[in-house]
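S.K.: Next input, structure requested:
(chains A, B, C, D, E, F, G, H, I and J)
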10 protein chains.
Amino acid sequence: MLYLVRMDVNIPADMPAEELARLQAAEREYSQSLQLDGRFKHLWRVAGEYANYSVFEVSGNDELHELLSGLPMFRYITAHVTPLATHPNAVQR
Amino acid sequence: MLYLVRMDVNIPADMPAEELARLQAAEREYSQSLQLDGRFKHLWRVAGEYANYSVFEVSGNDELHELLSGLPMFRYITAHVTPLATHPNAVQR
Amino acid sequence: MLYLVRMDVNIPADMPAEELARLQAAEREYSQSLQLDGRFKHLWRVAGEYANYSVFEVSGNDELHELLSGLPMFRYITAHVTPLATHPNAVQR
Amino acid sequence: MLYLVRMDVNIPADMPAEELARLQAAEREYSQSLQLDGRFKHLWRVAGEYANYSVFEVSGNDELHELLSGLPMFRYITAHVTPLATHPNAVQR
Amino acid sequence: MLYLVRMDVNIPADMPAEELARLQAAEREYSQSLQLDGRFKHLWRVAGEYANYSVFEVSGNDELHELLSGLPMFRYITAHVTPLATHPNAVQR
Amino acid sequence: MLYLVRMDVNIPADMPAEELARLQAAEREYSQSLQLDGRFKHLWRVAGEYANYSVFEVSGNDELHELLSGLPMFRYITAHVTPLATHPNAVQR
Amino acid sequence: MLYLVRMDVNIPADMPAEELARLQAAEREYSQSLQLDGRFKHLWRVAGEYANYSVFEVSGNDELHELLSGLPMFRYITAHVTPLATHPNAVQR
Amino acid sequence: MLYLVRMDVNIPADMPAEELARLQAAEREYSQSLQLDGRFKHLWRVAGEYANYSVFEVSGNDELHELLSGLPMFRYITAHVTPLATHPNAVQR
Amino acid sequence: MLYLVRMDVNIPADMPAEELARLQAAEREYSQSLQLDGRFKHLWRVAGEYANYSVFEVSGNDELHELLSGLPMFRYITAHVTPLATHPNAVQR
Amino acid sequence: MLYLVRMDVNIPADMPAEELARLQAAEREYSQSLQLDGRFKHLWRVAGEYANYSVFEVSGNDELHELLSGLPMFRYITAHVTPLATHPNAVQR
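M.R.: Numbering: from 1, shown residues only, chains lettered A, B, ... in the order given. Below is the predicted model of the structure:
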């Protein structure tokens, strides 16, 4: 089952550079392991913004929430989820 | 180059059923030919709404506008385009 | 899997009274059959508005869209879906 | 009488981890005692967000406000209340 | 129990003058009978707009919805309800 | 002349408890003296929120602003004023 | 007492040209008589829009509503009123 | 003096094709004559929408409004004007 | 040329009282000198808010920006500018 | 390919003056080098606001994001990108 998620990232202006670097490295590792196991299908940067659109393929709402709330940056992310259904005109999938 | 497009469809309440059927058939054919030639990469229904999220891979803004404005239902669609860039954490693509 | 759906109903002002009555009867029958089979778990009126909040328990996004788009009044409904996950503090369910 | 409440939680970024843990434990206990006495009927996580939708069954607006303003996290919660009425098409209740 | 309701009225531009007059007379009569029986406690015009703020004192959400949906102009009204609770600093009531 | 005012209160998270208590006591005293002299006609809590709807009866815009800007918590309040006029269907007043 | 009013005008697309001309002439006459008697102090066009910002000096909310609801185009106007108070830094008035 | 203007075009769904063609031809001619005389400096399509961003160089607010309200499609356009000033970091101009 | 400007003032909660007093005195002096030289034509308080509506008469967008960005409180002000044009129904001016 | 970008700048109130000066100098240098190499085609101040509208001509979404995210002030900027396409009525370009 697919979900489109927009995430906007807001890092507190006073976070020390090292902490930010550590956080970004953890985020990268977490994100890539989910991409590699196939559940995090697409990850795109919104051009010009510290934001992304992501597509997840998971078993349902609970697994989606588990993955998202496990993001190392979750506390600094405003996420909005759109559940996706099959489109009758879609050819490939 | 990728673009995410949200489209909300608003058919006038007084459109005759035949005209609507013709319009939907034309939309389907147009949409599928673009999917088959690879430029219309993803087409997802927004669950519960007469709306979709679509991803296009085209040469740029002009080609994107040409494809979207050629949609048979374009007149009845409210579209919003988000230009997508490569995300530094993206593994696959 | 649970989904919360807000639906706002907008009937065209010029719909004949009989057609409206027929539509409302069909809506009632459809809605009640889904309630009886257990997939339409809650149906509440938003006090003061021609709107409702509904909770569905279905197998996923596709089944949800199928149920919602099958509503006889679907064409006149603006729906917004919120996917629900288990809350860690929830006792009963 | 039923009310639907959406709550968005915003914990200050500089709250010490212990204080947060104490706050979350208090919230859990408070929330569960209300669920057990039957007034806090449903508690659902909004998938992907630090937010919930809750349904309360109380004697009226005053009792609802008393329960909500008693939440240990009330100061960090943005709540929006929707009063619910019986829907004429509702079968079960 | 008190509720504050904002109502915005939108009469279709093509409603014949007689029908509008009949509707307004019915609205007036309905509104005044509720004011006289004490449930419709305040009715104020929003200065400059075809809108009002109203305060109702009723037994709860169901009675409120029954009164509002019984308004002769209900079909042309966009209503938004705010449930009111006792304020700890309120002297009179 | 009547005005409806919605006030949302935002106390900084780091205000010391004593200062908050002093502020709330001052607010209470100020508010009650205005209620007793008849200019602050209604004070209602918005159920579930740290917010209120208030009705003032004053000589005009200047007196209203003077009263509101004199609130001890004014600096922490987001207020929105709606000027009210007599409604032609209003019975009592 | 002063009020700032923004008015957006929406004429139905199917209004016959003569009716529109008659309406505009009536609006002009009404507006100018209020300007001449001093109550309609300023009338400015919002550049690029069929909208205006107006300043009225009247005895209060009731007189303001009477003037605005008397506009020949009132039915086609969306108005929003801001009550103005004396600014402590204002020199002239 | 420069102004940025966003224009969204909404043609009534029931406008006959010939009338629309006539309107579009008039719009084209008007727009191009302003571009040729140098006052309509830029005209860009918003990708995917029946909308444009335009830049005008005119003597001031009055001339801008005169040009915009003279657009053959003005009645069907929602325009929003942003006045532009010289940016201290701008090199060319 | 006229411009209407709405300004909302947000002073950081932790600004020392002396600094605020100095800032307010500077703002007052600056504002009054512009009022006296005729470019700052109107200054009105929004009743109930720490906000104002102001009207400026200047040579154009650049001079307007120069005046506004010179406000001692500019850093704490959210301003929105509406360019005003002559209204065809305006009598006086 | 052209993009219109609106940028709103929010500098933390507690940034030391020297750091701000250094940041602004870096921003100026970066911005001007992009203007000189032709990719940053227009840079306009939004009159009255700490904001700008900019037009970039780049090879696509990735280059645009690279330029924007390289802005020294990027962390303090809220940007919104609109992809622009050729307008059929545009004469010059």
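S.K.: From here on, just use CA atoms for contacts and neighbour counts.
M.R.: OK.
S.K.: Report the secondary structure element holding A:Ala85.
M.R.: If you go by DSSP states H and E, A:Ala85 is part of strand A:77-86.
S.K.: got the angle for that strand vs strand C:77-86?
M.R.: 120 degrees (axes from the mean of the first three to the mean of the last three C-alpha atoms, to 10 degrees).
S.K.: Now strand A:77-86: buried residues?
M.R.: Neighbour counts over strand A:77-86 (16 or more other C-alpha atoms under 10 Å in any protein chain shown) mark A:77, A:79-86 as buried.
S.K.: Chain C: which of those is nearest?
M.R.: A:Ala85 (4.8 Å; C-alpha to the nearest C-alpha).
S.K.: Residues in a beta bridge with the closest one, which ones?
M.R.: B:Arg45 (DSSP bridges).
S.K.: List the contacts of it.
M.R.: By C-alpha atoms under 8 Å, 6 or more residues apart in numbering or on different chains, A:Ala85 lies in contact with A:1-2, B:44-47, C:61-62, C:65.
S.K.: again with A:Asn52
M.R.: A:6-8, A:43-46, B:87.
S.K.: So for A:Glu49, what pLDDT did the model give?
M.R.: At A:Glu49, the model reports a pLDDT of 98.
S.K.: Apologies, that question was intended for A:Asp14.
M.R.: 88.
S.K.: tell me the phi and psi of the residue of chain A found nearest chain F?
M.R.: Distance from chain F to each residue of chain A (C-alpha to the nearest C-alpha) is smallest for A:Pro12, at 15.8 Å. Here is the backbone geometry of A:Pro12 (degrees, to the nearest 10): phi -60, psi 140.
S.K.: Let me know the closest of the contacts of A:Asn52 to H:Arg22.
M.R.: Minimum distance to H:Arg22 across these is 39.5 Å, recorded for A:Val46 (C-alpha to C-alpha).
S.K.: Next, count neighbours for the closest one.
M.R.: A:Val46 has 26 neighbouring residues, counting by other C-alpha atoms under 10 Å in any protein chain shown.
S.K.: Correct me if wrong: it contacts B:Thr82.
M.R.: Yes: with contact defined as C-alpha atoms under 8 Å, A:Val46 reaches B:Thr82; the gap is 6.9 Å.
S.K.: okay if I get the contacts of A:Ala85 as JSON lines plus distance to E:Ser33?
M.R.: Conversion of the contacts of A:Ala85 to JSON lines gives the following (distance: C-alpha to C-alpha, whole Å):
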{"residue": "A:Met1", "distance to E:Ser33": "54"}
{"residue": "A:Leu2", "distance to E:Ser33": "54"}
{"residue": "B:Trp44", "distance to E:Ser33": "52"}
{"residue": "B:Arg45", "distance to E:Ser33": "49"}
{"residue": "B:Val46", "distance to E:Ser33": "46"}
{"residue": "B:Ala47", "distance to E:Ser33": "45"}
{"residue": "C:Asn61", "distance to E:Ser33": "48"}
{"residue": "C:Asp62", "distance to E:Ser33": "49"}
{"residue": "C:His65", "distance to E:Ser33": "44"}
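S.K.: closest to D:Ala17 among these?
M.R.: Ranked by distance to D:Ala17 (C-alpha to C-alpha), the contacts of A:Ala85 are led by A:Leu2 at 34.1 Å.
S.K.: which residues sit in contact with the residue of chain A found nearest chain I?
M.R.: The minimum distance from chain A to chain I, using C-alpha to the nearest C-alpha, falls at A:Ala13 (15.8 Å). For A:Ala13, the contact set (C-alpha under 8 Å, 6+ apart) comprises J:Pro12.
S.K.: Alongside chain C, which residues does chain A contribute?
M.R.: A:1-2, A:60-62, A:65, A:81-86 (C-alpha under 8 Å from any C-alpha of the partner chain).
S.K.: Report the two of those separated the most.
M.R.: Once C-alpha to C-alpha is applied, those give A:His65 and A:Thr86 as the farthest pair, at 21.0 Å.
S.K.: centre of the chain versus the helix ranked longest in chain A, how much separation?
M.R.: The longest helix of chain A (DSSP state H) is helix A:17-36. In terms of C-alpha atoms, centre = their mean, to the nearest Å, the centre of helix A:17-36 is found 12 Å from the chain centre.
S.K.: is chain B contacted by it?
M.R.: Yes: using C-alpha under 8 Å from any C-alpha, helix A:17-36 reaches chain B at A:28, A:31-32, A:35-36.
S.K.: From the rest of the structure, what touches that helix?
M.R.: For helix A:17-36, the external contacting residues (C-alpha under 8 Å, 6+ apart) are A:40-42, A:71-73, B:89-92.
S.K.: which ones are touching the residue nearest the centre of chain A?
M.R.: In chain A, the centroid-proximal residue (C-alpha atoms, centre = their mean) is A:Ser54; its distance is 5.1 Å. Contact partners of A:Ser54, counting by C-alpha under 8 Å, 6+ apart, are A:4-7, A:40-44.
S.K.: what's the neighbour count on the residue lying closest to it once chain neighbours are set aside?
M.R.: Among residues not flanking A:Ser54 along the chain, A:Leu43 sits closest, at 4.6 Å (C-alpha to C-alpha, 6 or more residues apart in numbering or on different chains). Number of residues near A:Leu43 (other C-alpha under 10 Å) recorded here: 26.
S.K.: Not counting the one helix or strand A:Leu43 maps to itself, show me its contacts.
M.R.: Secondary structure assigned from DSSP H and E places A:Leu43 in strand A:40-46. Applying C-alpha under 8 Å, 6+ apart, the contact partners of strand A:40-46 are A:31, A:34-35, A:51-57, B:82-87, B:89-90, B:92-93.
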